[in-house]
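*Asks:* What would the 3D arrangement of this be:
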Amino acid sequence: MAQSELTVLTESVNSLTAEIKGLRAETQEIRDFGQRSRSLIRGQWAIIVVLVVISAVLIYVALDARHTAQVARQAATVAQRNAVNARDNCDQSNKARQTTTDLWTFALNSVPLRPVSPQQAAARDAVIAGLRARVATAYAQQDCSKFVPQAK
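*Replies:* Here you go, the predicted model:
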């Protein structure tokens, strides 16, 4: 082989080596770009999973809050109904107490008064006064204003 052919082949080999090195560098850049892309894609998937989980939690919290508000409304309605019932019961009890008091008053006023000595009359009047005081205490009217239903 001649010197010129050897020089041409050497230059060709050197040129191919340079091109291979350039190709190797480009391949490495493409590989690095692919790894970065895959890393970013994995990060996006992780973010999507986190967002789905957060969305599910928010939906659960919203539904639970809605349910809690509904239970609170029902409790308020029941409490108001109970207050109305308590007021009605108190009023009815006061009417029954008044009726009983009226009956005792009538009975104590209807005691036949026969002629007795002043000492016996005083003793009788003391007993009747004691009975009236006990009836007044036992059948005293209750304050029903504490059962006023609360306005919404």
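*Asks:* Any regions of the chain where pLDDT drops low?
*Replies:* For the chain, the stretches flagged by pLDDT under 70 are 1, 149-152.
*Asks:* mind checking which helix or strand the residue nearest the centre of the chain is in?
*Replies:* Residue closest to the average C-alpha location in the chain (Cα atoms, centre = their mean): Thr68, at 4.0 Å. Per DSSP states H and E, Thr68 falls inside helix 3-109.
*Asks:* neighbouring contacts of the helix or strand following that helix?
*Replies:* Counting by DSSP H and E, the next helix or strand C-terminal to helix 3-109 is helix 118-138. For helix 118-138, contacts defined as Cβ atoms under 8 Å, 6 or more residues apart in numbering pick out 100-101, 104-105, 108, 111, 116. In short, each C-beta sits where N, CA and C put it, glycine included.
*Asks:* how does it look with 10 Å?
*Replies:* With contact meaning Cβ atoms under 10 Å, 6 or more residues apart in numbering, helix 118-138 is reached by 97, 100-101, 103-105, 107-109, 111, 113-117.
*Asks:* Show me which positions of it end up buried.
*Replies:* Val135 (16 or more other Cβ atoms under 10 Å).
*Asks:* ok and that helix relative to helix 3-109, angle-wise?
*Replies:* Per axes from the mean of the first three to the mean of the last three Cα atoms, to 10 degrees, the angle that helix 118-138 makes with helix 3-109 is 160 degrees.
*Asks:* Please renumber the chain so that the first residue is 227 from this point on.
*Replies:* Fine by me, first position is 227 from now on; the one you just mentioned is helix 344-364.
*Asks:* Please compute how far the helix holding Thr294 lies from its chain's middle.
*Replies:* Chain-centre distance of helix 229-335: 18 Å, with Cα atoms, centre = their mean, to the nearest Å.
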